[in-house]
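> here is my input; please provide its structure:
(2 chains)
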2 protein chains.
Amino acid sequence: MTEGTAFGRIAIIGVGLIGGSLARAVRRNGRRTQIIGYGRNHLNLQRAVELGVIDRFETRLQDAVVDADLVVIAVPVGATAAVLRELAPHLGGETIVTDVGSTKASVVNDARAQLGAAFSRFVPGHPIAGNERAGIEATSAELFEGRSVLLTPVAETNPAAVAQVRALWESTGAQVLEMTPEYHDCVLAATSHLPHVLAYALVEALSRTQSGEEIFKYSAGGFRDFTRIASSDPVMWRDICLANRTQLLTALDGYRAVLDELSMLIRSGEGEKLIELFRHAKTVRDRNIGKNQK
Amino acid sequence: MTEGTAFGRIAIIGVGLIGGSLARAVRRNGRRTQIIGYGRNHLNLQRAVELGVIDRFETRLQDAVVDADLVVIAVPVGATAAVLRELAPHLGGETIVTDVGSTKASVVNDARAQLGAAFSRFVPGHPIAGNERAGIEATSAELFEGRSVLLTPVAETNPAAVAQVRALWESTGAQVLEMTPEYHDCVLAATSHLPHVLAYALVEALSRTQSGEEIFKYSAGGFRDFTRIASSDPVMWRDICLANRTQLLTALDGYRAVLDELSMLIRSGEGEKLIELFRHAKTVRDRNIGKNQK
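Numbering: from 1, shown residues only, chains lettered A, B, ... in the order given. Next up, the predicted model:
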C-alpha cells in the first residue's frame, strides 16, 4: 500500500486537464503507484510521459485497463458509454472504475448498461475543478486542493469501492461530498452548465451585432471575466448540455423567467424594483461566494 | 502649468472609485494641481483627505466648483442632472466640465438642458475601468493605465476643451478614443450593461431554486468569475439600465434570441449545431479578448 492511495496501478483513460492533474497529484503522494495512460492523441500521451505525468501509455484500451486496480474515465461525457463498452470485457474481478464527468445520471445509466456485474464497483464522481484551459500542459498536482469532489453512488454501489475512491480524492487535498446523481445534476445545471451556456450565448450575440467583432475592443475586465468560460472546449460542453438536457432546460427556463422580469422592469422604468432585485442578488452573492474567493 | 495636466484646480464631484483614482493619478503626475473633493458622505471625504487623495473637501457644491479650472462629475448617472443643475450658476466663464458616467446620450441631454452657454465646455467622458468594488479604499493611481477612455463630444463641444480633457486622461496612462454618444451607448450596452444584467439575473435565478442558497456551495471558479459583476453597486446599475434603456433593451433582445436558439438546440438534441455555435463563440472570444488578457 502506497502513501495516499491503496491503488498499486491506476489506468487514466483520457489524459487531459483533469485526468493528468489527478495523475500528478497521485504521483506526488505515492511514488509506488504505477500510472498508465490511454487516449486518442499519441503526441499528447508522449508529452505526458516526458513531463512525468504518467509512467507509460498504451495504444489499446484493453492493455491499459488489464491488471489495473483503478480505472479513471476522464473523457467527455458523450464518449463515456463507448469507453465503458470497450473496456468492460477486460476489467479484472476486483478492479474499481470511477469517472470525472460533469453529469452523473447519464453516466450512471451508461455504466449500468455497459458494466454488468462490475457496475457495483463503479463509483460515479465529479471533481469541481478545472477551467477553460485544456490539455496536458495545463495539468497541476494542486488542481484539486481545497476543491469539492462530488461522489454519487447508487443503491448497487459497493461501499468499500466508494471508500477507496473517496480516499484517493482526499489525498489530492479535495473535500469529498456524497449525493444522488439527480441532486448533482440539478445543482450543477444551475451553477455550472447554465453559466457556460449563458457565456457562449453572450459572445455569440455580440458577434451578431452590427458592429461585429469591433465591439469587443470596448470590453473591460468584467466582460473578460464573464465570458472566460466561453473559451471552454465546445465538444465537452455539447456533451454536457445533451447529457444533462432535462435539468439544464429547467435551469434555463428559470433563468429566462428572471430575464423576462428584468427586461420588463427596465422597459417600464421601475427603478425601485430594479434596485431591489440587484441588491438582493448582490447580497446573496456576497454572502455565499465571498469577497475573498476571487 | 503643471506636469501632466494644464488644470491648476480640479473639483471632483463624487470621490468614489473612479473620482478618487483620477485624483490619485493627477496628484502622482502633477503635484501643483489642487484637488477639491465634494460628496454626500463626509466620513468618506475625510478619509480621502487623510489618504492624500484630495487636498480638501467642501460641504457645499458651489464652494467646490467656484474657481475650479476643471469639474469632474463622478456620480451615478441618475444623479448627474441634479448635480449639473446645482453647479451651473457657480461655474467660472472658462471652467471645463467633464464626467465619467457609463452612459453618454442621457448625460449629454442632461448637460445640454442644465448648462446653458457652458454646455460648449462640457466634455462627456467614460473611462472603461473600475470593478465591482467601491469607495475610497479601492482607489488607485494606476486604475486607468492601459485602459480606454471614451470621449463623446457633440457638434457644440469646444475642441480646445476636448483636447485638455484628453490630455488629462492620457496623463493617467489611458488611451483616449472619440466617438458619438450614440455609438458609445450601443457598444457599452452590449459589452458592459448587458453582462451586468445577465449576472444579476443568474444569481437571482439560483436563489429562487428549490435548493435556495445551498446551491452556491457547489459553485466553482467559473461561476465566481461569471457573477463577479453581480457584486457591483445596485444604485449605479439601476441608473445605467434606465439611462441607457433603449440600447440595453435592444442588446437584451438580441441576447434572448440567441438563448432561445440554444434552448431549442438543446431541447431537440442537435449536437452538431450546438458544437458549431460553441466553437464559433470560443473562436471569436479567443481572437478578440485574448488569452493573455485574463
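> buried ones in the host helix or strand of residue A:273, by neighbour count?
Residue A:273 belongs to helix A:271-288 when assigned by DSSP states H and E. Neighbour counts over helix A:271-288 (16 or more other C-beta atoms under 10 Å in any protein chain shown) mark A:271, A:274-275, A:277-282, A:284-285, A:288 as buried. For the C-beta atoms, the positions are set from N, CA and C on the backbone; glycine is no exception.
> packing partners for that helix?
helix A:245-267, helix B:194-207, helix B:234-243 (3 or more C-beta pairs under 8 Å, 6 or more residues apart in numbering or on different chains; DSSP states H and E).
> quick one: average pLDDT of it?
For helix A:271-288, the mean pLDDT works out to 96.
> now swap in stretch A:203-217 and tell me
Stretch A:203-217 comes out at a mean pLDDT of 90.
> quick one: residue A:123 from residue A:160, how far?
Distance, residue A:123 to residue A:160, using C-beta to C-beta, to the nearest Å: 10 Å.
> higher neighbour count, these two?
Set side by side, residue A:123 and residue A:160 show more neighbours around residue A:123, with 25 against 11, by other C-beta atoms under 10 Å in any protein chain shown.
> beta partners for the more buried one?
On the basis of DSSP bridges, residue A:123 is bridged to residue A:98.
> quick one, what contacts the closest residue to residue A:124 other than its chain neighbours?
Using C-beta to C-beta, 6 or more residues apart in numbering or on different chains and skipping residues adjacent in sequence, the residue nearest residue A:124 is residue A:152, 4.6 Å away. Shown in contact with residue A:152 (C-beta atoms under 8 Å, 6 or more residues apart in numbering or on different chains): A:104, A:108, A:124-126, A:178-181, A:184.
> if you set the cut-off to 6 Å instead, what comes out?
A:104, A:124, A:179, A:181, A:184 (C-beta atoms under 6 Å, 6 or more residues apart in numbering or on different chains).
> quick check: chain neighbours aside, which residue is closest to the first one?
Looking back up the chat, that one is residue A:104. residue A:181 (3.8 Å).
> wait, the one you found sits on residue A:108?
Yes. Here residue A:181 lies in contact with residue A:108, judged by C-beta atoms under 6 Å, at a distance of 5.0 Å.
> what about these two, which has more around it?
Between residue A:181 and residue A:108, counted using other C-beta under 10 Å, residue A:108 has the larger neighbour count: 25 against 20.
> where's the more buried one, which helix or strand?
Counting by DSSP H and E, residue A:108 is part of helix A:105-115.
> where does the residue nearest the centre of chain A sit: helix, strand or coil?
The centre of chain A sits closest to residue A:102, judged by C-alpha atoms, centre = their mean, with a distance of 3.9 Å. When classified by DSSP: H, G, I helix; E, B strand; the rest coil, residue A:102 comes out as coil.
> domain assignment for chain A?
Using automatic domain parsing, the domain parsing of chain A gives A:9-178, A:184-293.
> still on that earlier bit, distance from the chain centre to the helix holding residue A:273, please.
30 Å (C-alpha atoms, centre = their mean, to the nearest Å).
> then stretch A:142-153?
Distance, centroid of stretch A:142-153 to centroid of chain: 10 Å (C-alpha atoms, centre = their mean).
> quick check: residue A:90 touching residue A:66?
Yes. Applying C-beta under 6 Å as the test, residue A:90 and residue A:66 come out as touching, 5.4 Å apart.
> spell out which residues of the stretch 1-150 of chain A are next to chain B.
Taking C-beta under 6 Å from any C-beta of the partner chain, the part of the stretch 1-150 of chain A that reaches chain B is made up of residue A:128.
> residue of the stretch 1-150 of chain A nearest chain B, please.
residue A:128 (4.6 Å; C-beta to the nearest C-beta).
> could you report the neighbour count for that residue?
23.
> can you pull the contacts of it?
A:147-148, B:220.
> try 7 Å
For residue A:128, the contacting residues are A:147-148, A:150, B:218, B:220, by C-beta atoms under 7 Å, 6 or more residues apart in numbering or on different chains.
> and which of the residues you listed is nearest to residue B:169?
residue B:220 (37.6 Å; C-beta to C-beta).
> ok, that closest one - contacts?
A:128-129, A:192.
> and the gap between it and residue B:174?
34 Å.
> cool, residue A:55 as well?
53 Å.
> more neighbours: which of those two?
Neighbour tally, residue A:55 and residue B:174, criterion other C-beta under 10 Å: the higher count belongs to residue B:174, 23 against 16.
> next, give phi and psi for the more buried one.
phi -90, psi 160 (degrees, to the nearest 10).
> please list all residues in contact with residue A:19.
If you count contacts by C-beta under 7 Å, 6+ apart, then residue A:19 has A:12, A:72, A:74 around it.
> where's it, which helix or strand?
helix A:17-29.
> same thing with residue A:126?
Here residue A:126 is assigned to strand A:125-127, by DSSP H and E.
> and that strand, what does it pack onto?
Applying 3 or more C-beta pairs under 7 Å, 6 or more residues apart in numbering or on different chains; DSSP states H and E, one finds that strand A:125-127 contacts strand A:148-151.
> number of residues surrounding residue A:32?
Neighbours of residue A:32 (other C-beta under 10 Å): 11.
> am I right that it sits in a strand?
No. Using three-state DSSP, the assignment for residue A:32 is coil, not a strand.
> relative to chain B, how far out is residue A:235?
Applying C-beta to the nearest C-beta, to the nearest Å, the value for residue A:235 to chain B is 6 Å.
> actually, residue A:197.
From residue A:197 to chain B the distance is 6 Å (C-beta to the nearest C-beta).
> excluding its backbone neighbours, what's nearest residue A:89?
Using C-beta to C-beta, 6+ apart, the closest residue to residue A:89 is residue A:62 (7.7 Å).
> which element is the one you found on?
Per DSSP H and E: helix A:61-65 holds residue A:62.
> so which bits of that helix are buried?
Within helix A:61-65, the residues scored as buried using 16+ other C-beta under 10 Å are A:61, A:64-65.
> how about those in CSV, adding distance to residue A:267?
Listed next are those as CSV, based on distance: C-beta to C-beta, whole Å:
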residue, distance to residue A:267
A:61, 56
A:64, 58
A:65, 58
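> tell me which other helices or strands the helix or strand of chain A with the lowest mean pLDDT touches.
Of all helical and strand segments in chain A, the minimum by mean pLDDT, DSSP states H and E falls on helix A:221-227, at a mean of 86. On a contact count with 3+ C-beta pairs under 7 Å, 6+ apart, helix A:221-227 meets helix A:194-207, helix B:194-207.
> now tabulate those helices in CSV and tack on distance to residue B:230 and mean neighbour count.
Formatted as CSV, the helices and strands packed on helix A:221-227 follow (distance: least, C-beta to C-beta, whole Å; neighbours: other C-beta atoms under 10 Å in any protein chain shown):
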stretch, distance to residue B:230, mean neighbour count
helix A:194-207, 11, 26
helix B:194-207, 4, 26
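> turn those helices into a markdown table, including distance to residue A:253.
Shown next, in a markdown table, are the helices and strands packed on helix A:221-227 (distance: least, C-beta to C-beta, whole Å):
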| stretch | distance to residue A:253 |
| --- | --- |
| helix A:194-207 | 10 |
| helix B:194-207 | 10 |
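> closest to residue A:258 out of those?
helix B:194-207 (4.4 Å).
> could you dump that closest one to PDB, C-alpha only?
C-alpha atoms of helix B:194-207 as PDB (Å, rounded to 0.1, in the frame of the first residue of the first chain):
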ATOM      1  CA  LEU B 194     -26.000  43.600 -20.700                       C
ATOM      2  CA  PRO B 195     -23.400  41.400 -18.900                       C
ATOM      3  CA  HIS B 196     -24.200  43.100 -15.600                       C
ATOM      4  CA  VAL B 197     -27.900  42.500 -16.100                       C
ATOM      5  CA  LEU B 198     -27.200  38.800 -17.000                       C
ATOM      6  CA  ALA B 199     -25.000  38.300 -14.000                       C
ATOM      7  CA  TYR B 200     -27.500  39.800 -11.600                       C
ATOM      8  CA  ALA B 201     -30.200  37.600 -13.200                       C
ATOM      9  CA  LEU B 202     -28.100  34.400 -12.700                       C
ATOM     10  CA  VAL B 203     -27.600  34.900  -9.000                       C
ATOM     11  CA  GLU B 204     -31.200  35.900  -8.600                       C
ATOM     12  CA  ALA B 205     -32.400  32.800 -10.600                       C
ATOM     13  CA  LEU B 206     -30.300  30.500  -8.500                       C
ATOM     14  CA  SER B 207     -31.500  32.000  -5.200                       C
END
